[in-house]
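**Student:** Mind folding the following:
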Amino acid sequence: MQPARKMCFDRLLPTQLNRPLRTRMIAGKERAISLIGKQWPNESTIRIRFLGGSQSDQDMVRTIAPMWTEHANLNFEFSEDPRAEIRVSFDANDGAWSYVGTDNLSIPLHAATLNLGWVDQGVILHEFGHMIGLSHEHQNPDGGIEWNEAAVISDLSGPPNFWDEATIRHNVLDKYRADQVHGTDFDEHSVMLYAFPDEWTTNMGGTQDNDDLSAQDKAFVASKVMYPGRDTGTSTNATELDVLRGALAEISSGGEENLFNFHVKETGIHVIETTGSTDLVVSLFGPDSSTRKVAEDDDSGNGRNSRIVTELTPGEYITVVRHFDPSASGEYRIMVSAY
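**Tutor:** The predicted model follows:
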């Protein structure tokens, strides 16, 4: 088998390059992996705009990328809107890459968030898998791959990748820790696993090209830790939050997220906060958008509670609440107040 020549690399936000992550673990047997905290709000409509590319390349993306939404409870809308959350470029000299999940929202609107250096079904599904929050399967902590590091570094240092050792380690050799990701079992059929040659490993041989979603890819993105509801036809619309009284709620099982919506009538400073003994992370989206992140907070409140203080303009807002440790549960109260 010839050495793999087309490898995807992850794009990280500058603030994450040298920052240690506060991490945690979730139990379960869903295969494929996703980095915790990068999922879009469930049922989001994600707008996608092309930056160049031939008509045939664009048509292929329009046809293939939505295969994810047959299972993940998301919608892809191909649009010329300059405010589109995802911008796809087709630069053959820039490889294949994508920012992961909601990291895309931090990229300036003039810049690409996903590049397809070559176009086929496998690479489109792979990069759009990153876009919805999935990670490389060969970096699954449960994968058990023992790398022949010298061979991997030698191959990827040369053409066409020309990666330095730090890039190679980040994208191939380094595994995620079990407490950084959702998911466990290694899936050799996942579209998030690229083919690599026999000589790259010392214990399991090479892997095959996976150009389609595996059964476990489909099951994982439809699971409760990702985007549930599409396969069952159920809805997970947000619960209306009483701005005056707040709401008593509960994370009842591992990986659960609670969604609340509230309406702002006048521009002003608002406080969204939780109380109780449960360690929570709160994300705020809006106005009138489930993909425009306004703010996110972990521990700015009392104890391990979250507290967001920000100016909000009129419109509808969505608040996503999750436990910091997605294997845990607990009760809490969430409140919104305006100055």
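**Student:** contacts, neighbours, all on C-alpha from now
**Tutor:** Noted.
**Student:** which stretches of the stretch 101-250 of the chain have low pLDDT?
**Tutor:** 137-144, 160-161, 174-186, 205, 207, 231-237, 243-244 (pLDDT under 70).
**Student:** For it, which segments are assigned as helices?
**Tutor:** Using DSSP state H, counting those that start in this stretch, the helices assigned to the stretch 101-250 of the chain run over residues 121-131, 149-157, 165-168, 215-221.
**Student:** Which one, of these, ends up nearest to residue 100?
**Tutor:** Minimum separation from residue 100 across the helices of the stretch 101-250 of the chain (C-alpha to C-alpha) falls at helix 121-131, 5.0 Å.
**Student:** which helices and strands sit right next to the closest one?
**Tutor:** helix 55-64, strand 96-99, strand 114-116 (3 or more C-alpha pairs under 8 Å, 6 or more residues apart in numbering; DSSP states H and E).
**Student:** for the shortest one, packing partners?
**Tutor:** Packing partners of strand 114-116 (3+ C-alpha pairs under 8 Å, 6+ apart): strand 86-89, strand 96-99, helix 121-131.
**Student:** Mind listing the strands the second one pairs with, and their directions?
**Tutor:** Think strand 96-99. strand 8-11 (parallel), strand 114-116 (antiparallel) (DSSP bridges).
**Student:** if we can go back for a sec, deepest in the core, which of the helices of the stretch 101-250 of the chain is it.
**Tutor:** Mean neighbour count, computed with mean count of other C-alpha atoms under 10 Å, is highest for helix 121-131 among the helices of the stretch 101-250 of the chain, reaching a mean of 23.
**Student:** What angle do helix 55-64 and that one make with each other?
**Tutor:** Angle, helix 121-131 to helix 55-64, by axes from the mean of the first three to the mean of the last three C-alpha atoms, to 10 degrees: 60 degrees.
**Student:** ok, back up a step: turn the helices and strands packed on strand 114-116 into JSON lines, including distance to residue 214.
**Tutor:** Shown next, in JSON lines, are the helices and strands packed on strand 114-116 (distance: least, C-alpha to C-alpha, whole Å):
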{"stretch": "strand 86-89", "distance to residue 214": "24"}
{"stretch": "strand 96-99", "distance to residue 214": "20"}
{"stretch": "helix 121-131", "distance to residue 214": "11"}
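**Student:** Among the helices of the stretch 101-250 of the chain, which comes closest to residue 47?
**Tutor:** Here helix 121-131 is closest among those (C-alpha to C-alpha), at 11.7 Å.
**Student:** Report the distance from that closest one to the chain centre.
**Tutor:** Taking C-alpha atoms, centre = their mean, to the nearest Å, the mean C-alpha location of helix 121-131 is offset from the chain mean by 12 Å.
**Student:** Spit out the contact partners of residue 165.
**Tutor:** 153, 157 (C-alpha atoms under 8 Å, 6 or more residues apart in numbering).
**Student:** Go again with 7 Å.
**Tutor:** residue 153 (C-alpha atoms under 7 Å, 6 or more residues apart in numbering).
**Student:** go on, residue 315?
**Tutor:** Applying C-alpha under 7 Å, 6+ apart, the residues near residue 315 are 263-265, 287-288.
**Student:** with these in mind, which one is nearest to residue 68?
**Tutor:** Relative to residue 68, the closest of the contacts of residue 315 is residue 288; by C-alpha to C-alpha it sits at 24.4 Å.
**Student:** Kindly tell me how buried that closest one is, as a neighbour count.
**Tutor:** Residue 288 has 13 neighbours, counted by other C-alpha atoms under 10 Å.
**Student:** right, and it touches residue 318 too?
**Tutor:** No - Residue 288 is beyond contact range of residue 318, at 8.4 Å (criterion: C-alpha atoms under 7 Å).
**Student:** Common neighbours of the two, please.
**Tutor:** Contacts common to residue 288 and residue 318, judged by C-alpha under 7 Å, 6+ apart, are absent.
**Student:** coming back round to it: farthest-apart pair in the contacts of residue 315, please.
**Tutor:** Most distant of the contacts of residue 315, by C-alpha to C-alpha, are 265 and 288, 12.4 Å apart.
**Student:** on that earlier part again, out of the helices and strands packed on helix 121-131, which gets the lowest mean score?
**Tutor:** If you rank these by mean pLDDT, strand 96-99 sits at the bottom with a mean of 91.
**Student:** Need the helices of the stretch 101-250 of the chain in CSV (columns: distance to residue 102).
**Tutor:** Output for the helices of the stretch 101-250 of the chain, formatted as CSV (distance: least, C-alpha to C-alpha, whole Å):
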stretch, distance to residue 102
helix 121-131, 8
helix 149-157, 28
helix 165-168, 22
helix 215-221, 15
